[in-house]
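Enquirer: Here's my sequence, what's the structure:
(chains A and B)
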Amino acid sequence: AQRVTQPEKLLSVFKGAPVELKCNYSYSGSPELFWYVQYSRQRLQLLLRHISRESIKGFTADLNKGETSFHLKKPFAQEEDSAMYYCALRGDSSYKLIFGSGTRLLVRP
Amino acid sequence: ETGVTQSPTHLIKTRGQQVTLRCSSQSGHNTVSWYQQALGQGPQFIFQYYREEENGRGNFPPRFSGLQFPNYSSELNVNALELDDSALYLCASSLAGRGAETQYFGPGTRLLVL
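Expert: This is a model prediction of the structure:
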């Protein structure tokens, strides 16, 4: 079964602290993994995708096929990073995104 | 460049009624996907339309149906509404034949079924 698991509903850190949002997936083929973010009163938007191997707003994520994980990391959290973060998977030759249940990141001053 | 728009923003219906939600895709996009997001959950894929035909479907009953028009805008229709249909309905557009490219989301329509 295809599944994305985000074990933490809420992650609270202080400004300047490192952040790691966990994402584990279940998929038998070669998936494409994404992180989407939703800031307060804004629409869901793509943060990054694993095939791009880029850093967006200081965030990075590495696909670990052995551990079937795609954790999102940032070395120094900023208050403006507070948002809802969703990990998503798309299977090879597939058309749909499978989302996790999301993690709310709260960065305290 | 115009982003994805959805209408209405909010809607209240009663059990058994029918509802139509609308989505205008981002300029230049030819594929539209619909998702249902229940409270506290991530979005769940309903179906996708490409060139006016259903391109794939998630685990939703047939009372969820859709249309895509020649201008690539789309409608989601839900018949015989149930209380559990209360959710945020998201539309996402992309440019591709198989939905392989980045999906851009609209602001959503919040449906409440009483």
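Enquirer: quick one, what contacts the residue in chain A that chain B sits nearest to?
Expert: Closest residue of chain A to chain B, CB to the nearest CB: A:Phe99 (3.2 Å). No exception for glycine: its C-beta is placed from N, CA and C like everyone else's. Applying CB atoms under 8 Å, 6 or more residues apart in numbering or on different chains to A:Phe99 gives the contacts A:Val4, A:Tyr36, A:Tyr86, A:Cys87, A:Ala88, B:Tyr35, B:Gly42, B:Pro43, B:Gln44.
Enquirer: Which residues of chain B lie near chain A?
Expert: B:4, B:33, B:35, B:40-45, B:48, B:55-56, B:58, B:90, B:92, B:98-100, B:102-108 (CB under 8 Å from any CB of the partner chain).
Enquirer: Apply 10 Å and report the result again.
Expert: B:3-4, B:6, B:31, B:33, B:35, B:37-38, B:40-48, B:50, B:55-58, B:88, B:90, B:92, B:94, B:96-100, B:102-108 (CB under 10 Å from any CB of the partner chain).
Enquirer: Could I have the buried ones of those as ChimeraX selection syntax?
Expert: Buried residues within the residues of chain B next to chain A, by 16 or more other CB atoms under 10 Å in any protein chain shown, are selected in ChimeraX with:
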select /B:4,6,31,33,35,37,42,43,44,45,46,47,48,50,55,56,57,58,88,90,92,94,99,100,103,104,105,106,107,108
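Enquirer: Can you name the residue of chain B nearest chain A?
Expert: Closest point on chain B to chain A, by CB to the nearest CB, is B:Gly42, at 3.2 Å.
Enquirer: which stretches of chain A aren't confidently modelled?
Expert: A:93 (pLDDT under 70).
Enquirer: Apply 50 and report the result again.
Expert: For chain A, no stretch has pLDDT under 50.
Enquirer: can you pull out the strands in it?
Expert: Assigned by DSSP state E, chain A shows strands spanning A:3-5, A:10-14, A:19-21, A:24-26, A:32-38, A:45-49, A:60-61, A:72-74, A:83-90, A:98-99, A:103-108.
Enquirer: Quick one: list the elements packing against the second one.
Expert: It stands for strand A:10-14. Here strand A:10-14 touches strand A:19-21, strand A:103-108, going by 3 or more CB pairs under 10 Å, 6 or more residues apart in numbering or on different chains; DSSP states H and E.
Enquirer: if we can go back for a sec, reformat the strands of chain A as CSV; add distance to B:Asp84.
Expert: Converted to CSV, the strands of chain A look like this (distance: least, CB to CB, whole Å):
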stretch, distance to B:Asp84
strand A:3-5, 21
strand A:10-14, 25
strand A:19-21, 29
strand A:24-26, 25
strand A:32-38, 23
strand A:45-49, 27
strand A:60-61, 33
strand A:72-74, 31
strand A:83-90, 21
strand A:98-99, 18
strand A:103-108, 24
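Enquirer: Please, which helix or strand holds the spatially most central residue of chain B?
Expert: Centre of chain B computed as the mean C-alpha position; nearest residue by CA atoms, centre = their mean is B:Trp34, 3.2 Å away. According to DSSP states H and E, B:Trp34 maps onto strand B:31-37.
Enquirer: quick one: that strand to strand A:83-90, angle?
Expert: Counting by axes from the mean of the first three to the mean of the last three CA atoms, to 10 degrees, strand B:31-37 lies at 120 degrees to strand A:83-90.
Enquirer: Appreciated, that's everything.
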